[in-house]
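1. Make a model of this:
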Amino acid sequence: MTVFDRTTTLVFDPAEPDRLQIELPPEWGSLMGAHGGYVTALAVRAIEARLSGQQVRTVCTSFLRPVALGPATMTVETLRSGRNLSTFVVNLSQDDKPTTSTRITAAAPAAGADWDHAAPLPVPAVADCMTVPGPPGIRHLDHGNGVLDPAHLPLTRSERAVLQGHIRPSEQRPIDVAWLVMVLDFFPPAAWTRVDPPTGGVSVDYTVHIHRPLGRELAPDEWIAVSLRSDISTGGLCLEHGAAAAPDGRLLAESFHTRWTG
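-> Purely as a prediction, here's the structure:
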């Protein structure tokens, strides 16, 4: 079992299926407390265990307070359980105070009006990207091998808030919904290519829509392309639009991440 799988495994007591005491481990420490993508992936895991014939498609986490490493209480509420669509809310609290609230929509496979006109992500080839060491102590970076486009690097005060590159798991495992939810928050915020931390680093709302998980492990020469951009910041909030694409260019997931710039 990989570290990611071990630290996202949840076992609910059948006697209390909607409430669980969990531990947010030091392996997922980030710049401020627990990594937000990991916390959101935990909510995905809480719901996946309840699904039969449906898959998690959209995940939206609101960060109400900083999430600290250590003990936390998770509660799950089913808002609607339907044949085609189901909606859940997963809340996390610490010291009797709410820290995150995640709304999750799951859907059954359906024959619908399908189209895909998504443009290829404008990410340079892996060979043209570079490894950029992260700050010491940011342990969530241990769970992926990433390279960045040298034209858009953090702390360079560039004109555009763009960050892009490639990533693959540090341990071999399938690219599933929980991992995609985590990895679209893996790289530094795009805002940090324009402004210095901590500006633009505090998460307010984080939404991920899954188009299609890859569903298999990456081969040694394969990478997931990731593009993050924040084209506008007004009134203390900036919106980061992220996208992750498979090695063949197909779009796997997109994210909309609201960050505080006040």
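2. Need the contact partners of the lengthiest helix in the chain.
-> With secondary structure taken from DSSP state H, the chain has its longest helix at helix 36-48. Outside helix 36-48, the residues within contact range by C-beta atoms under 8 Å, 6 or more residues apart in numbering are 7-10, 12, 20, 22, 24, 28, 30, 56, 59, 61, 63, 67, 74, 76, 88, 90, 92, 100, 102, 104, 106, 140, 177-179, 181-186, 203, 206, 208. Every C-beta, even on glycine, is put in place using the N, C-alpha and C of the backbone.
3. Just the buried residues of those residues.
-> With neighbours counted by 16 or more other C-beta atoms under 10 Å, the contacts of helix 36-48 contain buried members at 7-8, 20, 24, 28, 30, 56, 59, 61, 63, 67, 74, 76, 88, 90, 92, 100, 102, 104, 106, 140, 177-179, 181-186, 203, 206, 208.
4. how many neighbours does residue 240 have?
-> A count of neighbours around residue 240, defined by other C-beta atoms under 10 Å, yields 24.
5. In helices, which of the contacts of helix 36-48 appear?
-> 7-8, 177-179, 181-183.
6. could those residues go into JSON lines alongside pLDDT?
-> Below are the ones in helices among the contacts of helix 36-48 laid out as JSON lines (pLDDT from 0 to 100):
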{"residue": "7", "pLDDT": "97"}
{"residue": "8", "pLDDT": "97"}
{"residue": "177", "pLDDT": "98"}
{"residue": "178", "pLDDT": "97"}
{"residue": "179", "pLDDT": "97"}
{"residue": "181", "pLDDT": "98"}
{"residue": "182", "pLDDT": "98"}
{"residue": "183", "pLDDT": "97"}
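7. now the residues you listed as a markdown table including distance to residue 115?
-> Output for the ones in helices among the contacts of helix 36-48, formatted as a markdown table (distance: C-beta to C-beta, whole Å):
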| residue | distance to residue 115 |
| --- | --- |
| 7 | 37 |
| 8 | 33 |
| 177 | 22 |
| 178 | 27 |
| 179 | 26 |
| 181 | 24 |
| 182 | 28 |
| 183 | 25 |
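8. Would you map the strands across the stretch 51-200 of the chain?
-> For the stretch 51-200 of the chain, the strands defined by DSSP state E, counting those that start in this stretch occupy 55-63, 70-81, 85-94, 97-107, 144-148, 161-169.
9. and the fourth one, C-alpha only, in CSV?
-> The reference is to strand 97-107. Output of strand 97-107 as CSV, limited to C-alpha atoms (Å, rounded to 0.1, in the frame of the first residue of the first chain):
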residue,chain,number,x,y,z
LYS,A,97,-14.9,24.3,15.4
PRO,A,98,-15.6,23.6,11.7
THR,A,99,-12.6,23.7,9.5
THR,A,100,-13.8,22.5,6.1
SER,A,101,-17.1,21.6,4.4
THR,A,102,-17.0,19.6,1.2
ARG,A,103,-20.0,19.0,-1.1
ILE,A,104,-19.6,16.0,-3.4
THR,A,105,-21.7,15.0,-6.4
ALA,A,106,-21.6,11.5,-7.7
ALA,A,107,-23.1,10.2,-10.9
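10. average model confidence for it?
-> Over the span of strand 97-107, the pLDDT mean works out to 98.
11. how distant is it from the center of its chain?
-> From the chain centre to the centre of strand 97-107 is a distance of 13 Å (C-alpha atoms, centre = their mean, to the nearest Å).
12. next one: stretch 231-240
-> Remark: stretch 231-240 is offset 19 Å from the chain centroid, using C-alpha atoms, centre = their mean.
13. Give me the buried positions along it.
-> Judged by neighbour count (16+ other C-beta under 10 Å), stretch 231-240 contains these buried residues: 233, 238-240.
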